[in-house]
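>>> Model the following, please.
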Amino acid sequence: MLIYVESSAFAIHTFVLQCHQSDTLARIRAHLLHMLYEMGREDHQFRLRFKGQFLRDAYTLEDYHISEHSVLKMVPMARRQESFVDVKGNPQQNMGSGQNMDIKISLVMEVAQLKWRENMMADFNGSKSLNRLFVLFSGLAAFWWFLSPTKPHQLGSFLPFGLIIYACGCGLIVLYSFLKGPSYTHKAGFVGPSSLWPIRFMVIYGIMTMANWAAAVGLATWACLSVLDFARDQGETYESYSLRRFWSWFLMFFWALHALYLFIMWTMVWSLVHNFRFEIGDLLERHLIITRDVEKVIQAAKGGRVKEQRNAAFELATLTTTGDDGKFRIVAEGGLEALISLGLSRDEATQEYATEAIAEMLTVPAIQDQFVELGGVGTLTTLLHSNNERVVQEAATALSYIVSDTEENRQAVVADRGLEDIAHAARNGTESVKRYMAGVFLDLAFSADVRAQMAAMNTPTGALVDLCTSSDPETLRLALQTLELIALESSDVIFYQENLLDHLMALPTNTMDSSIYLLAGKILLYYAENPEACEKLLNTDNLKDTLTQFAKTKDPVLQKVVAKVILSTFEDRKLAQKAKDLNLKDILAYIRSHSGDRDAWNMADEGISLFDNATEGGKYKPAGIPAASSGSMSSLMKLRDLAEGTKVPEDVKMPLGSTGVLPRDENDGGRGSRVSVYDRPGTSAMGSHASVLSKSTEGTTKVQKDVQL
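Coordinates of the predicted model:
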């Protein structure tokens with residue numbers, strides 16, 4: 001397939017590459033280095049970016065979903081000036097001259113291989129034309145046989161037919177090479193009819209040449225034997241004798257010379273076949289992925305100058321993509337401390353590479369613990385305030401790995417104003433950063449202690465409410481689920497969020513996802529159970545339209561949630577009158593007509609009866625309504641039984657709208673899980689930070705055990 005590479009450094013030049021989806025980015029960069037070599041810019045250091053994401057050398061085009069005719073961006077590595085002058089170093093010393101020596105040597109060796117191929121192909125194509133002369137001589141010799149009055153009878157009567165057959169065989173080789181023969185140049189590559197399969201051409205040509213060579217050797221041997229046995233016939237004239245002798249010697253030398261020529265061509269063919277197996281990047285790829293010894297790189301990271309540290313950070317980020325072995329090599333050499341220090345560098349490029357390396361290394365749980373012990377969490381939370389979007393995203397990714405595993409790591413993240421830093425990134429980050437932050441909040445909320453801290457603070461909840469305006473459904477789902485967990489701890493902190501109800505009412509205009517509606521409905525249940533919050537809910541614009549849209553999903557669980565929200569208004573006479581004024585009875589009528597199951601129908605029918613039988617005085621209390629649909633605070637604890645047929649223990653007391661009230665959709669890929677920003681296959685094996693771990697249902701069970709109200 002063809003891909004295109006654009007670069008601001010070469011504004012009038014777009015690089016066109018022919019590659020395969022299985023090619024690594026290191027091989028793509030090797031192709032570009034060859035092109036830069038031809039331009040005299042082989043020292044130009046760069047990275048590749050696709051759709052805003054920097055590409056790592058160890059991954060393939062398929063991993064990044066790069067398809068045919070995609071456009072990559074070539075980003076110069078040294079695009080930023082030094083942040084400060086290194087006064088300790090020699091100012092006359094070079095601050096870094098492009099590619100390191102291993103890459104340069106490999107590039108020169110590859111270019112030499114390709115230059116040899118170019119010269120050999122030129123010699124091969126020139127030598128092929130000599131075969132035409134042998135075809136011509138074979139044809140002329142056969143023609144002369146029939147015209148000559150003196151026949152070289154000592155060679156037998158088969159000679160003219162042998163010459164014709166031999167000439168046809170040589171002509172077939174000439175014709176095949178003329179019609180199918182490719183040519184090659186270092187700049188253009190293979191061109192010609194067989195440019196896509198040059199090895200196949202060479203193999204067929206070599207087989208034909210070998211067969212012709214065997215025939216030439218046989219005929220040369222036959223002619224040589226005739227020369228050795230040559231004798232003058234009795235009564236033969238000297239002229240006839242000389243002519244027959246000339247024929248014997250001529251044919252012997254002709255076939256011997258042709259056999260030598262064919263052997264040389266055959267040798268060239270198989271040398272080229274061996275060379276054709278070499279491809280651009282075979283030598284460079286290894287050095288582009290692991291460019292220097294880890295110990296030297298870390299030494300440069302710790303004590304080098306600005307550009308040396310930048311290059312060291314880049315090489316460490318590249319090394320982490322090679323697998324877990326490379327990550328543990330970095331840890332063994334003290335690379336974690338170096339990366340934590342580089343993450344706080346005043347040079348933005350160094351920050352970016354170091355944070356990228358940290359995020360990749362933290363995919364290994366064993367490294368996470370050591371990173372937390374070294375105080376690296378503080379570096380990540382600090383980087384959430386960076387003006388570089390890429391740095392913030394990598395820091396958010398690294399934090400998502402840390403909070404996903406152990407309780408101790410979660411405590412380390414929230415320590416020292418960590419929740420405020422996460423809230424800042426959730427409010428000001430890009431869409432992908434917001435998605436990661438929503439996942440981080442959800443993971444933190446699964447810890448009882450951290451959840452208590454979040455419920456006691458307004459900042460995290462306010463950030464989650466802001467995330468409810470996101471256009472990304474995964475971010476929205478994660479934020480709503482976290483708000484539900486916080487409401488488990490303290491529903492008051494939810495009621496204090498002035499904009500939350502407006503955001504929930506606007507959901508039908510932003511998404512059609514019924515799973516998001518269900519999460520929003522569960523939060524509305526918390527409002528419905530509190531008289532003051534319920535009054536605020538009934539005064540919200542578009543309440544009826546929103547609940548109607550929820551009911552129209554025909555999800556039986558969501559319909560029961562909507563019915564319960566309406567039934568809760570009958571706990572107070574004033575609220576019941578407000579519900580009647582809003583004509584919420586119409587929603588119950590719709591549920592009864594389009595109910596997803598029997599229980600939803602029962603709840604809607606009893607609600608309609610309440611509206612019809614309401615009186616002016618006293619408390620509105622539904623008479624004869626089953627316990628599963630009564631108006632008390634614990635009335636929805638059976639909804640999971642109704643939806644899934646599972647048994648909820650009688651001694652478990654749950655607040656209205658708690659996580660135990662409604663079932664999780666097992667097919668829901670977003671709730672309770674962080675979602676992937678880089679959808680790249682195979683990342684679980686490589687430990688890439690682009691993969692995101694799913695939160696299992698065990699976390700939900702843990703919350704239910706931690707919080708029993």
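>>> Helix, strand or coil: sort out Tyr184 for me.
Taking DSSP: H, G, I helix; E, B strand; the rest coil as the rule, one finds Tyr184 in the strand state.
>>> Leaving out the residues flanking it, which one is nearest to it?
In space, and not counting its chain neighbours, Tyr184 is closest to Met121: 4.4 Å by Cβ to Cβ, 6 or more residues apart in numbering. From N, CA and C alone the C-beta is placed, and that goes for glycine too.
>>> So for the helix or strand hosting the one you found, what gets flagged as buried?
For Met121, the element it lies in under DSSP states H and E is helix 101-128. By neighbour count with 16 or more other Cβ atoms under 10 Å, helix 101-128 contains the buried residues 102-104, 106-107, 110-111, 113-114, 117-118, 121, 124, 128.
>>> Can you tell me which of the residues you listed is nearest Lys73?
Ile103 (21.0 Å; Cβ to Cβ).
>>> just checking, Glu356 touches Ala395?
No: the criterion here is Cβ atoms under 8 Å, and Glu356 misses it with Ala395 at 9.8 Å.
>>> hmm, back to that, could the C-alpha coordinates of the helix or strand following the helix holding Met121 be exported in CSV?
Using DSSP H and E, the helix or strand that follows helix 101-128 in sequence is helix 130-147. Provided in CSV are the C-alpha atoms of helix 130-147 (Å, rounded to 0.1, in the frame of the first residue of the first chain):
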residue,chain,number,x,y,z
LEU,A,130,25.3,-10.2,-25.5
ASN,A,131,23.0,-13.2,-25.6
ARG,A,132,21.5,-11.7,-28.8
LEU,A,133,24.8,-12.1,-30.5
PHE,A,134,24.9,-15.8,-29.7
VAL,A,135,21.4,-16.2,-31.0
LEU,A,136,22.5,-14.4,-34.2
PHE,A,137,25.6,-16.6,-34.7
SER,A,138,23.6,-19.8,-34.1
GLY,A,139,21.1,-18.7,-36.7
LEU,A,140,23.7,-17.7,-39.2
ALA,A,141,25.6,-21.0,-38.7
ALA,A,142,22.5,-23.0,-39.4
PHE,A,143,21.8,-20.9,-42.5
TRP,A,144,25.4,-21.3,-43.7
TRP,A,145,25.1,-25.1,-43.3
PHE,A,146,22.3,-25.2,-45.9
LEU,A,147,24.2,-22.9,-48.3
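>>> Does anything pack onto helix 130-147? Which helices or strands?
Helix 130-147 sits against helix 159-180, helix 238-276, with contacts defined as 3 or more Cβ pairs under 8 Å, 6 or more residues apart in numbering; DSSP states H and E.
>>> the inter-axis angle of it versus helix 159-180?
150 degrees (axes from the mean of the first three to the mean of the last three Cα atoms, to 10 degrees).
>>> shaky segments in this structure?
Along the chain, the model assigns pLDDT under 70 to residues 11-12, 77-100, 145-160, 230-236, 289-293, 614-709.
>>> re the thing from before, my guess is the residue nearest to Tyr184 contacts Ala188, does it?
No: Met121 is beyond contact range of Ala188, at 11.8 Å (criterion: Cβ under 8 Å).
>>> for stretch 339-356, the distance to its chain's centre please.
The chain centre lies 23 Å from the centre of stretch 339-356; the measure is Cα atoms, centre = their mean, to the nearest Å.
>>> Which residues does that stretch contact?
Stretch 339-356 is contacted by residues 54, 77-80, 82-84, 301-302, 306, 309-310, 312-314, 316-317, 330, 357-358, 361, 371, 374-376, 379-380, 382-383, 386, 388, 390-391, 394-395, 398 when judged by Cβ atoms under 8 Å, 6 or more residues apart in numbering.
>>> at 6 Å what do you get?
Contact partners of stretch 339-356, identified using Cβ atoms under 6 Å, 6 or more residues apart in numbering, comprise 80, 83, 301, 306, 309-310, 313-314, 317, 357-358, 376, 379, 383, 388, 390-391, 394-395.
>>> now stretch 503-516
In contact with stretch 503-516 (Cβ under 6 Å, 6+ apart) are residues 468-469, 473, 476-477, 520, 540, 542, 546, 549, 553, 555, 665, 668.
>>> quick one: which of the helices and strands packed on helix 130-147 is nearest Glu532?
Taking Cβ to Cβ, helix 238-276 is the member of these nearest to Glu532, at 80.4 Å.
>>> and that closest one with helix 130-147, angle?
Computed by the same axes, to 10 degrees, the angle separating helix 238-276 from helix 130-147 equals 160 degrees.
>>> What residues sit buried inside helix 238-276?
Neighbour counts using 16+ other Cβ under 10 Å place 240, 244, 247-248, 251-252, 254-256, 258-259, 261-262, 265-266, 268-269, 272-273, 275-276 of helix 238-276 among the buried residues.
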